[in-house]
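Colleague: Next input, structure requested:
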Amino acid sequence: MRILIRIIRRFYNYYFHKEKELARRLTTMLGFTPAYLSLFKLAFYHKSTFTSRDYAIANNERLEFLGDAVLSTIVAEYLFKKYPNSDEGFLTKMRSKIVKRNSLDDIADRMGLDLFLANYNQTRLSRSMLGNALEALVGALYIEVGYERTKYYVIRRILRRYLDIHELEQFDDNYKSQLLEWCQKNGRNIDYKVLAKYKSDKRDKFKVAVFVDGKKLGTADDFNKKSAEQMASERAMQSLNILSRNGMEEAERSA
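Modeller: Model prediction:
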């Protein structure tokens, strides 16, 4: 009975729903028409759009929270099976490369999620909103079709379509470690300083700078101080012209 109800809802959403254009765009992206269209629509509502007392249930943060956990589990299982002879350290690094903010932002951009976000938000779109929406979309998928079908979608339509896993194996995205190693080899002094701590979207945000021999070479802002240090290190390496070719390509995609 439940299956029949879902079939009817999907048929209705595709042909008769007032948001049928959304249903059709989602069908093209997902490979099926969602039965619970409002759930998927919610995945594209950023918190900055709402100020009402229903704030907590009127944006995609809860779906993002769920999708983040589901995506991390799917990626962990995918890597566990793909690399049966690799140790925990390698698997952890690979998962981090895939689910890190810059990677998700880039994938969401290539999927065209910016067009969905532009339809449902009256605020200026930031790059971080893309990755958040992707996680929320995965959360909505999980609620609609369960883990196995969500896993199939993530692997077939995201990991295999938008990631070069073999290139990712060779790519080292620990810019802070690379910069520290370079400075040690070349007798340079390196220091990180928090220039400012301020509120953004009701959360603490850090402005961090990296100094090499007392000269400021890179700055970055992020909600996580360690992430800000990584971004500042990347920019310092660009300034010093010591980024690898793969690193430069990643930096260009993340700009």
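
Colleague: Show me the chain divided up by domain.
Modeller: Structural domains annotated on the chain: 36-170, 175-254, as defined by automatic domain parsing.

Colleague: and the residue nearest to the spatial centre of the chain, how far is that from residue 28?
Modeller: Nearest to the geometric centre of the chain sits residue 104, at 2.6 Å (CA atoms, centre = their mean). To residue 28, residue 104 is 21 Å away according to CB to CB, to the nearest Å. The way it works is simple: take the backbone N, C-alpha and C, and place the C-beta from them, glycine included.

Colleague: What helix or strand is residue 24 located in?
Modeller: Using DSSP states H and E, residue 24 sits in helix 20-30.

Colleague: ok, and for stretch 203-215, which residues are buried?
Modeller: Of the residues in stretch 203-215, 205-212 count as buried by neighbour count, 16 or more other CB atoms under 10 Å.

Colleague: Give me the subset of these lying in helices.
Modeller: Nothing among those maps onto helices, per DSSP state H.

Colleague: Reformat the residues you listed as JSON lines; add distance to residue 34.
Modeller: Below are the buried residues of stretch 203-215 laid out as JSON lines (distance: CB to CB, whole Å):
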{"residue": "205", "distance to residue 34": "34"}
{"residue": "206", "distance to residue 34": "38"}
{"residue": "207", "distance to residue 34": "40"}
{"residue": "208", "distance to residue 34": "41"}
{"residue": "209", "distance to residue 34": "45"}
{"residue": "210", "distance to residue 34": "45"}
{"residue": "211", "distance to residue 34": "50"}
{"residue": "212", "distance to residue 34": "51"}
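
Colleague: wait, which of those residues is closest to residue 63?
Modeller: Relative to residue 63, the closest of the buried residues of stretch 203-215 is residue 205; by CB to CB it sits at 22.9 Å.

Colleague: so that closest one touches residue 220, yeah?
Modeller: No - the criterion here is CB atoms under 8 Å, and residue 205 misses it with residue 220 at 10.6 Å.

Colleague: Any figure for the gap between residue 73 and residue 64?
Modeller: Using CB to CB, one gets 15 Å for the distance from residue 73 to residue 64.

Colleague: Spit out the contact partners of residue 200.
Modeller: residue 223 (CB atoms under 8 Å, 6 or more residues apart in numbering).

Colleague: One more: residue 229?
Modeller: 176, 192, 208, 210, 220.

Colleague: Mind telling me what element the first one is part of?
Modeller: With elements taken from DSSP H and E, the one containing residue 176 is helix 175-185.
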